[in-house]
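Chemist: Quick check, what structure comes out for this input:
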Amino acid sequence: MSKEILFNAFEMTSAMHNSHGLWKHPENKRHRNYKDLNYWIEYAKLLEKGKFDAVFFADVLGVYDVYKRSKHPSIRDGLQVPLNDPALLISAMASVTENLSFAITVSTTYEQPFGNARRFSTLDHLTKGRIAWNVVTSYLPNAARNFGLEDMIKHDERYNIADEYLEVSYKLWENSWEDGAFVEDHETNTLVDPEKVHEINHDGHYFKVEGPHLSEPSLQRTPVIYQAGTSERGRDFAAKHAECIFVGGPTPERIRFYADDIRKRAVKHGRNPENIKIFSFLNVVVGNTTEEAEEKFKAYTSVWSAEAAKAQYGASGYDIAEYEELDPDLPFGYNKSTEGGHYKAAMLTTDAPKPLTVGEVLTRFESPDRSSFIIGNPEEVADGIQAQFEKSGVDGFNLNHLVTPGDLESFVELVVPVLQERGLYKKEYKQGTLREKLFSQGEPLLPNDHPAAKFRRAFVESK
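Modeler: Down below sits the predicted model:
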C-alpha cells in the first residue's frame, strides 16, 4: 500500500484527559506526574521511538459545569482539571527529539492574535519548524465567564471572529517581514533592515493591529493549521483554512461523509484537496494475547466514571441529567438549540447509526463504548486499524489512551511493528519541517492555494 497512516498522540497537560475515572487504575501515572517535566520528556522520547508524527495537545479554558449545573462532577473526577498550559512544555520535549512535532490548541475567541502569533513563531523557531496550531473557537460557558463575558458568544459568530483572527495572523506571519530582513551588516551598523519590516495596519470588525510582527520569520512562517469541526460552519471554516482536520463519527462511513464533504468545500475555496490531511479518533486496547487485551478492557471498565463522561458531554450545551428522570423508552432528542459544541450534540442524534431512546443514551455513559474500541492482540488490532483506515478514507488518527503511559508503550511495542511490516506505517521519518513531512510538495511554507498566500503575494507585488 502506497499510503501510510499518520499518527498523533491525543493528549492534554491535565491530570486526566478522556479516560474518565481511570485515575483509580493502579498503573495510571498521569494524574500524579502530569506536572513533572521529566514525565513529558520521557513521553516525547517514547513517541519518537514509535515514529509518531506529532503529539496533539487539546486544551480548554474553563471547567465543564453544564451537567447538573455544577462544577463538582468535573472537579471530583479530574475531568480536564487541574490543567496546565501545554505551550510551556514544547521546548523541553523538542530538545530531546528530532522529528516529533507538536500541535497546540489555542482559542481564537478569547486571546488576541498579536500575542498568539509571537507565541507560535517562537515555538516554530525553537522546534526548527515542528509546530502546529489547532484552531478552536471554545465551547464551555465557564470559559466565557472566565474572560469577562456573561454568556458565550454565539456559535457562528465565534467562527466569524476566527476568520478575522486568522487573517490578522497571516498578515503578521506572511506579510510583515521580508525574507532577508535580518542582515547583520557591520558596515552600516544594521542588524535588521527597517525597510524590510512592515506594519500590517489591520483595521477590522473584531481586531485592530498595527504591527509589525515582533518575531522574524520562522522556518514555516505560518505553523501548520489544524482544526476540528463537524458543524456546517465548522466544516466550511476547516475547508478554507486547515491543513489537518479532525472529524468524528460513529462509523467509518460517517467519517468518510465528513471527509469527502470537507474536501469538496476546499475545492470551492480554491484549494487543492491534496493539501489537506483528514484525521479521526482511534481507541485501542492491545495485549500480547486477545485474552490479555480483554482483561485490560475489563479492568478499565471497572473504574470508569459515568459522572465524568456525562459532565464532558456538557460541552454540547445539553445537561444529560435532565434526561435521567424521563421514561427510558422515549425517543432521545433535544428541545432547544445551544451555543455549545455541535459535534458533541450530533454524536447522539444525527451522527448516531440509528435513532436512540433515552435509556440507550444514558446507558452509553455507564462504561467505555466498546464499539468505539479496537481490542485484541497485535495482529487483531492492526487488522482493525487497517479496516478503519481504508473504509473511512482518512489519512491518519488521533490515538486516544486510557492508561498513561502504559497504553502508549503497548502500542509502540506491539502494534507499530505489525503496521510497519504491512507497509502501512513509516519505518523512518522524512526530513524537514512538519509541513514538509506531511505533504508531498516538500516545502516548509504554505502552498499558493492557501488563503494566507494572498497576503504573501500582495506583499511581493507591492515591493
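Chemist: Just give me the neighbour total for Ala321.
Modeler: For Ala321, the neighbour count with other CB atoms under 10 Å is 17. To be clear about C-beta, it is placed using only N, CA and C from the backbone, and glycine gets the same treatment.
Chemist: distance of it from Ser305?
Modeler: 15 Å (CB to CB, to the nearest Å).
Chemist: so where's the stretch 101-250 of the chain uncertain?
Modeler: Counting by pLDDT under 70, the stretch 101-250 of the chain shows no low-confidence range.
Chemist: can you give me the strands in it?
Modeler: Under the criterion DSSP state E, counting those that start in this stretch, the stretch 101-250 of the chain contains strands at 101-107, 131-136, 182-185, 190-192, 202-203, 208-209, 224-228, 244-246.
Chemist: same thing with the stretch 301-450 of the chain?
Modeler: For the stretch 301-450 of the chain, the strands defined by DSSP E, counting those that start in this stretch occupy 373-376, 396-400.
Chemist: out of those strands, deepest packed?
Modeler: Between the strands of the stretch 301-450 of the chain, strand 396-400 has the highest mean count of neighbours, a mean of 22, where neighbours are mean count of other CB atoms under 10 Å.
Chemist: relative orientation of that one and strand 101-107 in degrees?
Modeler: Angle, strand 396-400 to strand 101-107, by axes from the mean of the first three to the mean of the last three CA atoms, to 10 degrees: 80 degrees.
Chemist: Adjacent strands (with direction) for strand 396-400?
Modeler: strand 6-11 (parallel), strand 277-286 (parallel) (DSSP bridges).
Chemist: Dump the ones you listed into TSV; add mean neighbour count as well.
Modeler: Shown next, in TSV, are the strands paired with strand 396-400 (neighbours: other CB atoms under 10 Å):
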stretch	mean neighbour count
strand 6-11	24
strand 277-286	23
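Chemist: Make JSON lines from these and add distance to Gly62 and mean pLDDT to it.
Modeler: Putting those into JSON lines (distance: least, CB to CB, whole Å; pLDDT from 0 to 100) gives the following:
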{"stretch": "strand 6-11", "distance to Gly62": "19", "mean pLDDT": "97"}
{"stretch": "strand 277-286", "distance to Gly62": "22", "mean pLDDT": "96"}
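Chemist: so which of those gets nearest Asn38?
Modeler: Between Asn38 and these, the shortest gap by CB to CB is with strand 6-11, which sits at 16.1 Å.
Chemist: and for stretch 437-452, what are the contacting residues?
Modeler: 6, 53, 99, 101, 129, 166, 170, 173-174, 219-222, 224, 240-241, 243-244, 269-272, 274-275, 277, 429-433, 435-436, 453, 456-457 (CB atoms under 8 Å, 6 or more residues apart in numbering).
Chemist: re the thing from before, and among the strands of the stretch 101-250 of the chain, the most buried is which?
Modeler: strand 244-246 (a mean of 28).
Chemist: could you point out which element follows that one?
Modeler: helix 252-268 (DSSP states H and E).
Chemist: That next one versus strand 224-228: what angle between them?
Modeler: Going by the same axes, to 10 degrees, helix 252-268 makes 130 degrees with strand 224-228.
Chemist: CA atoms of helix 252-268 as CSV?
Modeler: Extracted in CSV, the C-alpha atoms of helix 252-268 (Å, rounded to 0.1, in the frame of the first residue of the first chain):
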residue,chain,number,x,y,z
PRO,A,252,-16.2,4.7,9.1
GLU,A,253,-18.9,5.6,6.6
ARG,A,254,-20.0,8.7,8.6
ILE,A,255,-16.4,9.8,8.9
ARG,A,256,-15.9,9.4,5.1
PHE,A,257,-19.0,11.5,4.6
TYR,A,258,-17.5,14.4,6.6
ALA,A,259,-14.0,13.9,4.9
ASP,A,260,-15.5,13.9,1.4
ASP,A,261,-17.6,17.0,2.2
ILE,A,262,-14.7,18.9,3.6
ARG,A,263,-12.5,18.1,0.5
LYS,A,264,-15.3,19.3,-1.8
ARG,A,265,-15.7,22.5,0.2
ALA,A,266,-11.9,23.0,-0.1
VAL,A,267,-12.1,23.0,-3.9
LYS,A,268,-14.8,25.7,-3.7
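Chemist: Could you check the helix or strand Pro73 falls within and say which residues are buried?
Modeler: Using DSSP H and E, Pro73 falls within helix 72-76. Buried residues in helix 72-76, counted by 16 or more other CB atoms under 10 Å: Pro73, Ser74.
Chemist: What helices and strands are in contact with the next helix or strand after that helix?
Modeler: Downstream of helix 72-76, the next assigned helix or strand under DSSP H and E is helix 90-95. When contacts are defined as 3 or more CB pairs under 8 Å, 6 or more residues apart in numbering; DSSP states H and E, helix 90-95 sits against helix 37-49, strand 101-107, helix 113-126.
Chemist: Buried residues, helix 90-95. List them.
Modeler: Residues of helix 90-95 classed as buried: Ile90, Met93, Ala94 (neighbour count, 16+ other CB under 10 Å).
Chemist: What mean pLDDT does it get?
Modeler: The predicted model assigns helix 90-95 a mean pLDDT of 98.
Chemist: Touching it from outside, list them.
Modeler: 37, 40-41, 43-44, 55, 100, 102, 104, 123, 126-128, 130-131.
Chemist: Can you give the distance from it to the centre of its chain?
Modeler: Offset of helix 90-95 from its chain centre (CA atoms, centre = their mean, to the nearest Å): 19 Å.
Chemist: Quick check: Ala345 touching Tyr318?
Modeler: Yes. Counting by CB atoms under 8 Å, Tyr318 is a contact partner of Ala345 at 6.4 Å.
Chemist: on that earlier part again, turn the strands of the stretch 101-250 of the chain into TSV, columns for distance to Ala293.
Modeler: Output for those, formatted as TSV (distance: least, CB to CB, whole Å):
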stretch	distance to Ala293
strand 101-107	29
strand 131-136	30
strand 182-185	54
strand 190-192	58
strand 202-203	53
strand 208-209	52
strand 224-228	28
strand 244-246	26
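Chemist: between the ones you listed, which one is nearest to Gly78?
Modeler: strand 101-107 (18.6 Å).
Chemist: All the helices of the stretch 301-450 of the chain, in order from the start?
Modeler: 306-313, 342-347, 358-364, 378-392, 406-410, 416-421, 434-438 (DSSP state H, counting those that start in this stretch).
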